[in-house]
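*Asks:* okay, sequence plus prediction incoming.
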Amino acid sequence: MLLDVSTAYAAVMNTVRDFGTEQLSFTAATGRVLREPVLADRPFPPFDRATMDGIAINFTESYGKGQTIFGVEDIQPAGVPRKQLGNMANCLEVMTGAVIPELTDTVVPYEHLQASEHEGFKRFTITQPVQKNQNIHWEGADGAAGKTLITPGARITPAEAGVLATVGKYEVSVGRLPRVAVIATGDELVEVTATPAPHQIRMSNVYSLAASLQGLGITATIHHVVDHKPAIQQLFESLKNVDVWICSGAVSAGKYDHLPVILEEMGMQRIFHKVEQRPGKPFLFGLFKDGPVVFALPGNPVSGFMCFYRYVQPWLLAGMGHQISPVPYAVLGQDVTFNKPLTYFLPVQLQPQPTGEWKAIPHNYNNSGDLPALLTADAFMELPAAQDHFKAGECFPVWRFR
């Protein structure tokens, strides 16, 4: 029995597995999902710091009483222990990022000062109005010591990496990446480096899938096996220690489409086989109780590519701990007709509009074997099976791959 797309997707997501955790250097953790809270080891910022180059003064005892001319006692550079103002009628020069000197509470930037000398001593005259406490980033203003700065479940981006560095969190607990094997079946397939005979083609699906996995940070192993039952079974037996098999081809109804039978003979629990969609109808999904989860995708390149982004990628992301974002929508850019009782995944190019919307422009697309059609597309627009005619201006979900 064929499943509709939403039922098939729910069945896939109901089997999500947690791939576990591992400890990584924070410099190697970009893109991973954090599995522990990250706390501030001291206040943020850790001291009262100047946000401008200029002079530090005691506002109340000088400018607050009408004083505008200040003699310079010393300079407070960044990275130097805190100095102290000796005479409230004077100032200390202070650099951006430096600790605010003791007995000062206001920083006047150089742009609002006029420099001069009197009897060999440097002086500054304030030329613009001053507010007390200006241009100071106060200790703890961004967070107290012990505050949770990053919560578990956050994806580590360059912003998180900077925070990890500043709190000294040089090792972090993150979601483990799954071990994935990408498997191509077919006597017609040859290596990329080979010159195909007239009846052969170079392998491409497995490399598209492997590249898609690389975009998630996953490095997959790539395998090819001929359409021979013992060879297929032998390869599968050797790969039982991985988390996921993504197969390409041999899942339809042809005499050499051996995968469904072999997988079930090996003990795979079939969740479904065939989905009410085009492309990608003969998609097979199942799992071994104590072994890999199996995504057996159709061999036509656009079919397998679409199934990866519609089903496989969300499952992998969830297993790695990512929050699954709502599917974005786009506005169809021209009328489309598809009069089959199937959900239609149409390759489209997404164009940003001044309104903030995305417009989805279909391009020439022949069939599920038309791999070059993906070169001018950014996404698959999901057109519902309940409609035959889709009008320009209507909104539908898009599954982005670019």
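*Replies:* Alright, I've got the coordinates.
*Asks:* buried residues in the host helix or strand of Ala10, which are they?
*Replies:* Using DSSP states H and E, Ala10 sits within helix 5-13. Residues of helix 5-13 classed as buried by neighbour count (16 or more other C-beta atoms under 10 Å): Val5, Ala8, Tyr9, Val12. Every residue, glycine included, has its C-beta placed from N, CA and C.
*Asks:* which residues in the stretch 101-250 of the chain form helices?
*Replies:* 158-166, 205-214, 229-238 (DSSP state H, counting those that start in this stretch).
*Asks:* any idea which of those helices is most buried?
*Replies:* Among the helices of the stretch 101-250 of the chain, judged by mean count of other C-beta atoms under 10 Å, the one packed with the most neighbours on average is helix 205-214 (a mean of 19).
*Asks:* run through who's touching that helix.
*Replies:* Residues outside helix 205-214 that contact it (C-beta atoms under 8 Å, 6 or more residues apart in numbering): 180, 182-184, 192, 219-220, 222-224, 246, 248-249, 297, 299, 301, 304-305, 308-309, 313, 316, 401.
*Asks:* same check, this time on stretch 148-168
*Replies:* Outside of stretch 148-168, the residues within contact range by C-beta under 8 Å, 6+ apart are 26-27, 29-41, 44, 143, 170, 172, 174, 321-323.
*Asks:* these, buried ones only, as a PyMOL selection?
*Replies:* Burial among these is assessed by 16+ other C-beta under 10 Å; the matching PyMOL selection reads:
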select buried, resi 26+29+32+33+34+35+38+40+44+172+174+321+322
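*Asks:* next step: the contacts of stretch 148-168 restricted to strands.
*Replies:* When DSSP state E is applied, these are split such that Val38, Leu39, Val172, Val174 fall in strands.
*Asks:* now render the buried residues of helix 5-13 as a markdown table, adding distance to Leu149 and pLDDT.
*Replies:* A markdown table is the format used below for these (distance: C-beta to C-beta, whole Å; pLDDT from 0 to 100):
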| residue | distance to Leu149 | pLDDT |
| --- | --- | --- |
| Val5 | 40 | 97 |
| Ala8 | 40 | 97 |
| Tyr9 | 35 | 97 |
| Val12 | 34 | 97 |
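*Asks:* was I right to think Val72 contacts Gly120?
*Replies:* No: between Val72 and Gly120 there is no contact under C-beta atoms under 8 Å: 11.5 Å.
*Asks:* these two: which is more packed in?
*Replies:* Neighbours around Val72 and Gly120, counted as other C-beta atoms under 10 Å, are more numerous at Val72. The numbers are 16 against 5.
*Asks:* just the pLDDT for the more buried one.
*Replies:* For Val72, the pLDDT comes out at 97.
*Asks:* show me what the worst-scoring helix or strand of the chain on mean pLDDT is packed up against.
*Replies:* Across the helices and strands of the chain, mean pLDDT, DSSP states H and E gives its lowest value to strand 189-190, namely a mean of 74. With contacts taken as 3 or more C-beta pairs under 8 Å, 6 or more residues apart in numbering; DSSP states H and E, strand 189-190 sits against strand 201-202.
*Asks:* hmm, who's touching the strand it packs on?
*Replies:* Here strand 201-202 makes contact (C-beta under 8 Å, 6+ apart) with Glu188, Leu189, Val190, Glu191, Val192, Ala194, Pro196.
*Asks:* for these, which one is nearest Ala379?
*Replies:* Val192 (26.6 Å; C-beta to C-beta).
*Asks:* and that closest one, how many neighbours does it have?
*Replies:* When neighbours are defined as other C-beta under 10 Å, Val192 has 9 of them.
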